[in-house]
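Chemist: only geometry, no sequence info:
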């Protein structure tokens, strides 16, 4: 099986409990060019197989999502940087979680 493509459904969870992105609505309307950092949990909604060449297209679905708050922005950016470095095979430095809680 060769995964040739990946897609994402355009719908978000309908339950407010699982969709924390509504807090971004006003900010997105005021400044549509700004970018916002979110954390999301996804799963596989569907797979589609091209029977001519055997390639499979995976369609992800957002199960739950939250907007990252200003207080957590730097930690979230560090996690993203670390995940990208791992994915690209770069040297990954250990995370500094600050003081133990």
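Modeler: Alright, I've got the coordinates. Since this is a predicted model, take the numbers as computed values, not measurements.

Chemist: Could you give the number of residues near residue 62?
Modeler: As a burial measure, residue 62 scores 20 neighbours (other CB atoms under 10 Å). Where you see a C-beta, it was placed from the backbone N, CA and C, and this is true even at glycine.

Chemist: Specify the local secondary structure of it.
Modeler: The local conformation at residue 62, judged by DSSP: H, G, I helix; E, B strand; the rest coil, is strand.

Chemist: Run through the chain and note the low-pLDDT ranges.
Modeler: Scanning the chain for pLDDT under 70 picks out 1-3, 92-101.

Chemist: show me where it has helices.
Modeler: Assigned by DSSP state H, the helices in the chain fall at 25-30, 73-88.

Chemist: Of all those, which one is nearest residue 57?
Modeler: helix 73-88 (20.4 Å; CB to CB).

Chemist: buried ones in the closest one?
Modeler: Neighbour counts over helix 73-88 (16 or more other CB atoms under 10 Å) mark no residue as buried.

Chemist: elements contacting that helix?
Modeler: Applying 3 or more CB pairs under 8 Å, 6 or more residues apart in numbering; DSSP states H and E, we find helix 73-88 packed against no helix or strand.

Chemist: Report how many residues lie close to residue 10.
Modeler: 6.
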